[in-house]
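J.: take this sequence and fold it.
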Amino acid sequence: MKNLEWIDWLVLILTLIIIIGYGTWKTRSNTNVTDYLKGGNTTKWWTIGLSVMATQASAITFLSTPGQAFNDGMGFIQFYFGLPVAMIIICLVFIPLYHRLKVYTAYEFLEERFDLKTRTLTAILFLIQRGLSAGITIFAPAIILSVVLGWNLTLLNIFIGVMVIFYTVSGGTKAVNVTQKHQMIIIFVGLLIAFFIIVSKLPQDLTFLQAIDIAGASGKMDILDFSFDLNNRYTVWSGLIGGTFLMLSYFGTDQSQVQRYLSGKSLKEMQLGLIFNGILKIPMQFFILLIGVMVFVFYQFNQSPVNFNPNANNLVLNSNYAHAYKSLQANKDKLFIEKQSVINLYTKQKSLGAKADIASLNKQDSEIRNKAKQLIDKAALDYDVKIESNDKDYVFIHFILNNLPRGIIGLLLAVILSAAMSSTASELNALGATTTIDLYKRFSKNKTELQLVKASKWFTLSWGVIAIAVACVANLAENLIQLVNIIGSIFYGNVLGIFLLAFFIKSIHGHAVFIAAILTQIMVICLFVLDQYQIINLPFLWLNFVGCVIVIFNAYIIQFIFNDDKKTTH
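T.: Sure, this is the predicted structure:
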């Protein structure tokens, strides 16, 4: 694996210094709560749109999504099919209400509609969910750099967290928005360069359409799955139903996103910003997945390791399983040679038999890789260490470090770090705002503007420390991008149901909603655990829909049982 050279360091460091320095300098004066938490309500629609995209597009997106496509193909794009539907609903229902009430957080509305305890509970659910996610968004790039540089993972978590805390605490929401706009520009440029370099490294006589054909022969271009099989995690229906509920909750009730558009100059600017995100997000995710597919095609013509995680390789090669592991790599190398003649036959003659052979050989390749993971797990057990055998998150970084030109490596690392900082900054900004407005201000009367700004800075700093702590003890799940979505799905359905009750069902009052929300959260966690132990089959994406339905149903039942006729609407 390549070591970074001076040009990579120069590109990486200059990119980060310019973005952070400009954002901090541009937003150095915040004299009141509106300036600090809502950016003075001066943000234009394109900045809102890019900021919203940057908040969702963390380093996990650029680290995990190509690896997801490399292993499983383009089907993950179905996860985002509910996004445009959610954007329209939020623009028509959520934003006008938030704008009219002039709220700082989404949860202020819940006290207006229900009562203080329901507002407080919902804010706490957000703080738990987003606090965990903030740690993971720091953890993801720390893994990359620990692999690249061989540095201590804990020290990297602390370094990245402190870097984000610096400008988020200093400049508040406006600093987050300004830096995110420039971070997204760097991200777009970096991704375009990476894509064209990958394509240019394919065989000269291979056209782009032929590359797509090769990927399609192994099922990597299977985008749409209309089945109702719950064993298929990503389908059109899970995307449209579960995805819509997830996106409604994330963009409509998650303060890390709500705070992005609450800083808008006007109602129209807020709505245009979200529509801009809705139009651009799916093509961007499609493009990132396509990069992963092109990496897959690249490794059809270039030999690859049996596992992309170098730490896992080192562990097993120094264990009792080294001989078996080397045998698997040798078998994979033989398979690679056999694959070349079959791919050559397919690209020249379009033979259906050759297409079937490509699929068969890649299936054998996957089986070898799965056996390698088993050996890694056994070695980790013998040595009593934690090591990630699933290497999806290492595929793209392996390609970057071993195949991209000097300077471009630094740029791509800057892309990943920029994404990490943008997403983490939004999360810390929202965590600080929610703690200040929904807890501190609500339970501490007669605080001045200056006191609230100072409190918000201290709370933002505190959440930054908590996020770093979570990052230091985090363990990889099957895939980082899935881990973040799993955490969200456990909480989002319940929170969305609370907001839907508030918006549309005026007969349900606060006491019933409060009890229903607590019961629902317990039930959703139980459903997730039962699925993990394979007692039931309920993919995590459906938890958004199920949680939303359950809390609404529970609220109706509790209201009926207790005959809760207290009027809590105002």
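J.: who touches the closest residue to residue 396 other than its chain neighbours in this structure?
T.: Of all residues not flanking residue 396 in the chain, residue 66 sits nearest, at 4.0 Å (CB to CB, 6 or more residues apart in numbering). C-beta coordinates here come from the backbone N, C-alpha and C atoms, glycine included. For residue 66, the contacting residues are 288-289, 291-292, 295, 395-396, taking CB atoms under 8 Å, 6 or more residues apart in numbering as the criterion.
J.: please redo it, this time with the cut-off set to 7 Å
T.: Contact partners of residue 66, counting by CB atoms under 7 Å, 6 or more residues apart in numbering, are 288, 291-292, 295, 395-396.
J.: filter the residues you listed down to the ones in helices?
T.: Mapping the contacts of residue 66 onto helices (DSSP state H) picks out 288, 291-292, 295, 395-396.
J.: with distance to residue 512 added, can I get these in JSON lines?
T.: Rendered in JSON lines, the data for those read as follows (distance: CB to CB, whole Å):
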{"residue": "288", "distance to residue 512": "43"}
{"residue": "291", "distance to residue 512": "48"}
{"residue": "292", "distance to residue 512": "46"}
{"residue": "295", "distance to residue 512": "51"}
{"residue": "395", "distance to residue 512": "48"}
{"residue": "396", "distance to residue 512": "48"}
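J.: do you know how far the residue nearest to residue 396 is from residue 461?
T.: In this view, residue 66 and residue 461 are 34 Å apart by CB to CB, to the nearest Å.
J.: same check, this time on residue 33
T.: With distances defined as CB to CB, the gap from residue 33 to residue 461 amounts to 17 Å.
J.: who's more crowded, the two?
T.: Of the pair residue 33 and residue 461, residue 33 is the one with more neighbours under other CB atoms under 10 Å, namely 23 against 16.
J.: residues in contact with the residue lying closest to the more buried one once chain neighbours are set aside?
T.: Nearest residue to residue 33, sequence neighbours excluded (CB to CB, 6+ apart): residue 452, at 4.9 Å. Residues in contact with residue 452, defined by CB under 7 Å, 6+ apart, are 33, 436, 441.
J.: the nearest residue to residue 129 once chain neighbours are set aside: which element?
T.: Of all residues beyond its chain neighbours, the one nearest residue 129 is residue 491 (4.0 Å), with distances taken as CB to CB, 6+ apart. Secondary-structure assignment from DSSP states H and E places residue 491 in helix 480-504.
J.: and if you look at residue 506?
T.: Assigned by DSSP H and E, residue 506 belongs to neither a helix nor a strand.
J.: can you give me the neighbour number for it?
T.: Quick note: residue 506 (other CB under 10 Å) scores 10 neighbours.
J.: okay, it: pLDDT?
T.: Model confidence at residue 506, expressed as pLDDT, equals 88.
J.: measure it to residue 107 for me?
T.: As it turns out, when the distance is counted by CB to CB, residue 506 lies 19 Å from residue 107.
J.: buried sites along stretch 373-393?
T.: Counting neighbours by 16 or more other CB atoms under 10 Å, one finds that the buried residues in stretch 373-393 are 373, 375-380, 387-393.
J.: is residue 105 part of a helix or strand, or is it coil?
T.: Here residue 105 takes the coil state, with states given by DSSP: H, G, I helix; E, B strand; the rest coil.
J.: identify the farthest-apart pair in the ones in helices among the contacts of residue 66.
T.: When CB to CB is used, the two most widely separated members of these are 288 and 395, lying 12.7 Å apart.
J.: state the distance from residue 120 to residue 562.
T.: Going from residue 120 to residue 562 by CB to CB gives 20 Å.
J.: which of these two has more neighbours?
T.: Counting neighbours by other CB under 10 Å for residue 120 and for residue 562 shows that residue 120 has the greater number, 18 against 13.
J.: ok, now which ones touch residue 259?
T.: For residue 259, the contacting residues are 173, 429-430, 433, taking CB under 7 Å, 6+ apart as the criterion.
J.: and if we set it to 6 Å?
T.: The contact partners of residue 259, taken as CB atoms under 6 Å, 6 or more residues apart in numbering, are 430, 433.
J.: remind me which helix or strand it belongs to.
T.: With DSSP H and E as the criterion, the answer for residue 259 is helix 255-262.
J.: what's the neighbour count on residue 400?
T.: 24.
J.: against residue 141, how distant is the nearest residue to it once chain neighbours are set aside?
T.: Nearest in space to residue 400, with sequence neighbours left out and distances taken as CB to CB, 6+ apart, is residue 412 at 5.0 Å. Noted for residue 412: a distance of 12 Å to residue 141, by CB to CB.
J.: immediately after the least confident helix or strand in the chain by mean pLDDT, which helix or strand?
T.: Confidence across the helices and strands of the chain bottoms out at helix 33-38, with a mean of 72, counting by mean pLDDT, DSSP states H and E. Scanning forward in sequence from helix 33-38, with DSSP H and E defining helices and strands, the next element found is helix 45-56.
J.: contacts made by that following helix with the rest, please.
T.: Residues outside helix 45-56 that contact it (CB under 6 Å, 6+ apart): 177, 180-181, 183-184, 256-257, 260-261, 264, 269, 272-273, 276-277, 422-423, 426.
J.: quick check: angle from the lengthiest helix in the chain to helix 45-56?
T.: In the chain, ranked by residue count with DSSP H as the criterion, the top helix is helix 153-200. Between the axis of helix 153-200 and that of helix 45-56 there is an angle of 120 degrees, by axes from the mean of the first three to the mean of the last three CA atoms, to 10 degrees.
J.: flag every buried residue along the helix or strand just after helix 153-200.
T.: Next in sequence after helix 153-200, counting helices and strands by DSSP H and E, comes helix 208-217. By neighbour count, and taking 16+ other CB under 10 Å as the criterion, the buried residues in helix 208-217 are 210-217.
J.: stretch 117-128 now?
T.: The neighbour-count criterion (16+ other CB under 10 Å) identifies 117-123, 125-127 as the buried residues of stretch 117-128.
J.: now stretch 73-83
T.: For stretch 73-83, the buried set under the neighbour-count rule, 16+ other CB under 10 Å, comprises 73-83.
J.: just the CA trace of that stretch, in PDB.
T.: Presented in PDB, the C-alpha positions along stretch 73-83 are these (Å, rounded to 0.1, in the frame of the first residue of the first chain):
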ATOM      1  CA  GLY A  73     -24.600  -4.000  -6.900                       C
ATOM      2  CA  MET A  74     -26.700  -0.900  -7.600                       C
ATOM      3  CA  GLY A  75     -29.800  -2.100  -5.700                       C
ATOM      4  CA  PHE A  76     -29.000   0.100  -2.700                       C
ATOM      5  CA  ILE A  77     -30.300   3.100  -4.800                       C
ATOM      6  CA  GLN A  78     -33.800   1.900  -4.000                       C
ATOM      7  CA  PHE A  79     -33.200   3.000  -0.400                       C
ATOM      8  CA  TYR A  80     -33.600   6.600  -1.700                       C
ATOM      9  CA  PHE A  81     -36.800   6.200  -3.700                       C
ATOM     10  CA  GLY A  82     -38.900   7.700  -1.000                       C
ATOM     11  CA  LEU A  83     -36.800  10.900  -0.900                       C
END
